[in-house]
Every structure is written in C-alpha cells, then in structure tokens.
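Undergrad: here's a sequence, model it:
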Amino acid sequence: CADGAGPRWFGVISERRGTPIRVNVLSGVLASVTMVVALNMSGGSAEKYFAAGLGLTISMTFVSYVVTFPSLLVLRRKLPDVPRPFRIPRGWAVVSTVLPTVLVAFTVATLIWPGLGVGWFGTAGNPDDSLPTSFAGDRLQYTLTQLIPLGASVLIGVVFVMTGRKNEVAVHDRVGAYQ
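TA: I've put the predicted structure just below:
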C-alpha cells in the first residue's frame, strides 16, 4: 500500500521489524472472520471445515497465477524496450502464456465446482461424486464455502487497487524524485 497498490493508510511500515503493521493486522482480522464463517457454514464439522479450507487455500493461490501468467504478454506489449535476461519468440510467448493460464483457470473452476468436466468427451460419471466426502450430496454448501470467501477476497483486492490508484501519481512523483 505504501507504493500505491492500496490505501496509503495501510502502508505504514514498522521501524522495528520492517513489516507492514496495518496490513498484517487487517490480514489477521480477515483470516479470523473467514475461519469463523467457514466453521459456521460447515456446521462445526472438522471434516467439512478442513475440506472447505483446503479447497479454498489452493484455489486462492491459483487465482494469483491466473493473473500472473498473462503478465509476460502484457509487459512485452507495454514495455517492449526493457532489457530482459532472456526472450522467447512471440509464438512461444503466446503458447507459454495462454496454455498455463487456461489450465490454472480450469483448476480453479474444478476446485470451486468439483466434478467439472466429468461426462465430457463421452466419459461416464456423476459430477457430485467428485465432491469432498464430507460434503457428499451437498454441492450448494460446498460451493458457497468456496465462492463467498473467494469473492470477498477479490472484492477487497479490487477496492485496494482502485483506492491505491488515487495515490499512484503521488507515489510516482516521489519515486521520480529519487532517480
């Protein structure tokens, strides 16, 4: 947040530890709220709580890759003259961006909706058989345990980016003064 990626107020760095104080506190509060909500949504079942938490942890990690992989093509288009330690031909850059992005996006989708793809290409099976055992027969509850926190996280990220853009000009002026 100190560099314009979010509200400047959250960009305070501890002089003693060199870590972002307010963002760390916000992260802990959000994690605690998510934990309490997930535990309530799972009806107090440790097995459901673990299954929902594991799926959410993996999908949230992979969501970051869905937006990271395309950066190769975006940076190549926006900053073509920046020296890079290596370059790959344009065709391979497209393949090495699009293929992993599609695969990771599909992985996120199957984590949110287990069984996605079952029955495709003439294969047999019931998509509900792919649900975690603890959520057998309860697709809606499992899906909500994935979509609600994922959606809230994306919303918070969008709000941070939009708020941080207001600070971006001031940050660039400050950075430019050091160069």
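Undergrad: could you use CA atoms for every contact and neighbour count after this?
TA: Will do.
Undergrad: where does pLDDT dip in this structure?
TA: Along the chain, segments meeting pLDDT under 70 span 119, 121-123, 166-179.
Undergrad: look up the closest residue to Gly115, ignoring the ones flanking it.
TA: Nearest residue to Gly115, sequence neighbours excluded (C-alpha to C-alpha, 6 or more residues apart in numbering): Pro127, at 4.0 Å.
Undergrad: what's the neighbour count on the one you found?
TA: 15 (other C-alpha atoms under 10 Å).
Undergrad: can you pull the contacts of it?
TA: Applying C-alpha atoms under 8 Å, 6 or more residues apart in numbering, we find Pro127 in contact with Pro114, Gly115, Leu116, Gly117, Val118, Gly119.
Undergrad: most neighbours among those, which one?
TA: Busiest of the contacts of Pro127 [other C-alpha under 10 Å] is Pro114, holding 21 neighbours.
Undergrad: for that one, helix, strand, or coil?
TA: Following DSSP: H, G, I helix; E, B strand; the rest coil, we place Pro114 in the coil state.
Undergrad: quickly note the distance from it to Phe135.
TA: Computed as C-alpha to C-alpha, to the nearest Å, the Pro114 to Phe135 distance reads 11 Å.
Undergrad: just Arg87 next, same as before
TA: 46 Å.
Undergrad: can you pick out the residue with more neighbours from the two?
TA: Phe135 (19 against 10).
Undergrad: gap between that one and Thr19?
TA: Note on Phe135: its distance to Thr19, by C-alpha to C-alpha, is 39 Å.
Undergrad: got it, and Pro127?
TA: Applying C-alpha to C-alpha to Pro127 and Thr19 gives a distance of 44 Å.
Undergrad: over to Ala93?
TA: For Ala93, the distance to Thr19 (C-alpha to C-alpha) stands at 36 Å.
Undergrad: same thing with Ala105?
TA: 32 Å.
Undergrad: more neighbours: which of these two?
TA: Ala105 (18 against 13).
Undergrad: how close does the more buried one get to Gly115?
TA: Ala105 sits 15 Å away from Gly115, going by C-alpha to C-alpha.
Undergrad: and if you look at Leu54?
TA: Per C-alpha to C-alpha, Leu54 is found 16 Å from Gly115.
Undergrad: mind listing what's buried in stretch 141-161?
TA: Of the residues in stretch 141-161, Tyr142, Thr143, Thr145, Gln146, Pro149, Leu150, Phe160, Val161 count as buried by neighbour count, 16 or more other C-alpha atoms under 10 Å.
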